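> What follows is a predicted protein model with its sequence.
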Amino acid sequence: MGGSGSAYEGIACMGIDYSYEIVVPPRNVARALTELAELAPRAGGGPLTTVTLPGGDQVLLPFTSNFRNEPVDCSDGSTLHLDTAIMFGVDDDAMREFSETSRREPDERGRLAVGYIYLAVQFTSWWHPGYVSLCFTAATTGMSLAFERSASIREVFTGLTAASGGVCCLLDTETVTWQICWLNGEPMHDTVPGSRFAAHHDLVATWPAPDGVRGGTPGRMDWTRTVSVAPVPTPVLDSRAGRSTQQSTPNTQPAD
């Protein structure tokens, strides 16, 4: 793009919605949400939202769901929607530019609260019915472009993947390919489809099955996001008060 204007100019009218997707085993969902809560801004100290996960276990989170703090029951495997804000370091050109256009000031640690970032937790991932997907979608075009351009944002999402015990982190830029950012414990710069992974099921085939047996059921090849397998329960974790575990009976009813 020529001239000296912002990289965001000329694209704002397009309304792009880029997203990061983190794929975790069902047993790690509460862990992932608790790790996410650690990335939230600390100012404000508003009420927590109680979320009931499949199997009946609960987490308390510093985010709203559909802009309300009412308890959310996802015990039937229905998709969890959260309105999140995440702290990112303002330490690259993309984040500095986003900081200027967002009219927000970094905190004393040089981090900027970015939100809303809309999180959808699909307890039966369309990639593989034995996994759970956490999809973080940017709310604005400028935020989407920062998702794509910022190494700081990428590092936060891959760090969250690692801390959550996730198997994969991908960036969706609304094209025919996904950018692979993290795979099986290692950072990665690759795409799917691409030279290494010709199709999406080739990528999924590298993931360990949720029960620990490698080479489980491959990902869906029909490109549908329909779910049919229910998730398994996760431990009880309080994002602010500490961690504890509780066993519960698995929910074996198919997801809607």
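Right, received. Where do you want to start?

> what comes into contact with the host helix or strand of Cys135?
Taking DSSP states H and E as the definition, Cys135 sits inside strand 132-138. Defining contact as Cβ atoms under 8 Å, 6 or more residues apart in numbering, one finds that strand 132-138 is touched by 17-26, 28-29, 32, 36, 84, 86, 117-127, 144, 146-147, 157, 231. For glycine as for every other residue, the C-beta is placed from the backbone atoms N, C-alpha and C.

> Which SSE is immediately downstream of that strand?
Helices and strands here follow DSSP H and E; after strand 132-138, the next one along the chain is helix 141-149.

> what residues does the next helix or strand along the chain from that following helix touch?
Heading C-terminal from helix 141-149, the first helix or strand you meet, by DSSP H and E, is helix 151-164. Residues outside helix 151-164 that contact it (Cβ under 8 Å, 6+ apart) are 20, 22, 24, 28, 31-32, 35-36, 39, 86-92, 94-95, 114, 136, 146-147, 166, 168-169, 171, 181-182, 185, 187.

> can you give me the helices for the stretch 51-200 of the chain?
Counting by DSSP state H, counting those that start in this stretch, one finds helices in the stretch 51-200 of the chain at the ranges 93-102, 141-149, 151-164, 200-204.

> which stretch in the ones you listed has the least confidence?
Lowest mean pLDDT within the helices of the stretch 51-200 of the chain: helix 93-102, at a mean of 91.

> Go ahead and name everything in contact with that helix.
With Cβ under 8 Å, 6+ apart, helix 93-102 has contacts from 6-8, 88-90, 105-106, 112, 114, 142-143, 145-146, 149-153.

> got a list of what Glu35 touches?
Applying Cβ under 8 Å, 6+ apart to Glu35 gives the contacts 160, 163-164.

> Please repeat the previous calculation with a cut-off of 10 Å.
28, 159-166, 237, 239 (Cβ atoms under 10 Å, 6 or more residues apart in numbering).

> Can you turn the buried part of the contacts of helix 93-102 into a PyMOL selection?
Applying 16 or more other Cβ atoms under 10 Å to the contacts of helix 93-102, the buried members can be selected in PyMOL as follows:
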select buried, resi 6+8+88+89+90+106+112+114+142+143+145+146+149+150+152+153
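
> Please verify my assumption that Ser144 contacts Tyr118.
No: look at Ser144 against Tyr118 with Cβ atoms under 10 Å: they stay out of range, at 11.8 Å.

> Find residues that contact each of these two.
Common neighbours of Ser144 and Tyr118 are listed as 17, 19, 137-138 (criterion: Cβ under 10 Å, 6+ apart).

> any idea which of these is closest to Trp207?
Closest approach to Trp207 among the shared contacts of Ser144 and Tyr118 (Cβ to Cβ): Ser19, at 19.5 Å.

> Of the contacts of Glu35 - the most surrounded one?
When neighbours are counted by other Cβ atoms under 10 Å, Gly166 leads the contacts of Glu35 with 29 neighbours.

> right, and it touches Tyr20 too?
No: counting by Cβ under 10 Å, Gly166 stays clear of Tyr20, with 11.0 Å between them.

> separation between the nearest residue to Phe136 once chain neighbours are set aside and Thr124?
Nearest non-adjacent residue to Phe136, counting by Cβ to Cβ, 6 or more residues apart in numbering: Tyr20, 4.7 Å away. Separation of Tyr20 from Thr124 (Cβ to Cβ, to the nearest Å): 19 Å.

> Which among the helices of the stretch 51-200 of the chain is found nearest to Thr50?
Proximity to Thr50 (Cβ to Cβ) singles out helix 151-164 among those, at 20.1 Å.

> Measure how that closest one sits relative to helix 141-149, angle-wise.
Interaxial angle of helix 151-164 relative to helix 141-149 (axes from the mean of the first three to the mean of the last three Cα atoms, to 10 degrees): 70 degrees.

> Just the angle for helix 151-164 relative to strand 132-138, thanks.
Counting by the same axes, to 10 degrees, helix 151-164 lies at 160 degrees to strand 132-138.
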